[in-house]
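Q: Model the structure of this input:
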Amino acid sequence: MAENAARTDDQLRAVYQEICVSYRAIDDFRAKLLGFLPVVTGAGVGLLLGRDPGDPQPIWLPVGLFGAVVTLGLFAYEVHGIKKCAYLIDAGARLERYLEVYGQFAGRPHAVGGVVNEPFAAAVVYSAVHAGWVFLALAYFTPPWAAGMTAVLLFLLGVVLSLWTIAAMERDLWDERQYKREWCLRPGLRARCLANQRALPVPMPPATRPSVYDPAMREGTP
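A: Prediction:
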């Protein structure tokens, strides 16, 4: 019995490590893209506008439209990455509770002021980049002040819509988890639900079960 429980712990620990690797890879790519995109946009728009600000160039319109469309595509990819990270965080937190460890998922900090977090930063950056490319496209056939006002309004609208999209996705994830729990409680479906679910093994006592977290190492851990 103890051998089977230890083997199960090793398997769950291996799954947990894979979840950590996947989450770290997605989060690292999102962070790099979030930092690289504004630099490329600022350099591109500044270079095109700085050549001759008083004489609009025909290339401004197609380049601006191309940049705006690509930014929307990258934001869609960002939203999908946020969704994958949410699933990984949920799975990692469940494993941490079972393994009785306080890891990066269960101990994940809340948003600053209930608002500032990674999705908020993504909403601001992608909205600013999209507005920058739209400004370049509009500057070809509209006065600079009109293009600037349109870009500012588009930025504000983009932030609101981005936050709304992310919040709606998070609600869908929460509703899906709640739906799965309620589905198992419905009469006539509980037996089928329990038959299709693989119950987690009964955890061993902390004194006999190995753990990935050793309180004795806490002082030496950075």
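
Q: hey, where'd the helices end up in the protein?
A: 2-51, 60-99, 118-138, 144-185, 190-196 (DSSP state H).

Q: Centre-most residue in this protein?
A: Using Cα atoms, centre = their mean, the residue of the chain that lies closest to the mean C-alpha position is I82, 2.3 Å off.

Q: Does that residue touch D172 like I think?
A: No: using Cβ atoms under 8 Å as the test, I82 is too far from D172 to be in contact (11.9 Å). Yep, even glycine has a C-beta here, placed from its N, CA and C like the rest.

Q: coming back round to it: so what's the closest residue to the residue nearest to the centre of the chain other than its chain neighbours scoring on pLDDT?
A: In this structure, I82 finds its nearest non-sequential neighbour in P119, 5.8 Å apart by Cβ to Cβ, 6 or more residues apart in numbering. Looking at P119, its pLDDT is 86.

Q: List the contacts of P119.
A: I82, L163, I166 (Cβ atoms under 8 Å, 6 or more residues apart in numbering).

Q: cutoff 10 Å now
A: Applying Cβ atoms under 10 Å, 6 or more residues apart in numbering to P119 gives the contacts 78-79, 82, 85-86, 111, 162-163, 165-167, 169-170.

Q: among those residues, which ones are buried?
A: Buried residues within the contacts of P119, defined by neighbour count using 16 or more other Cβ atoms under 10 Å: E78, V79, I82, C85, A86, S162, L163, T165, I166, M169.
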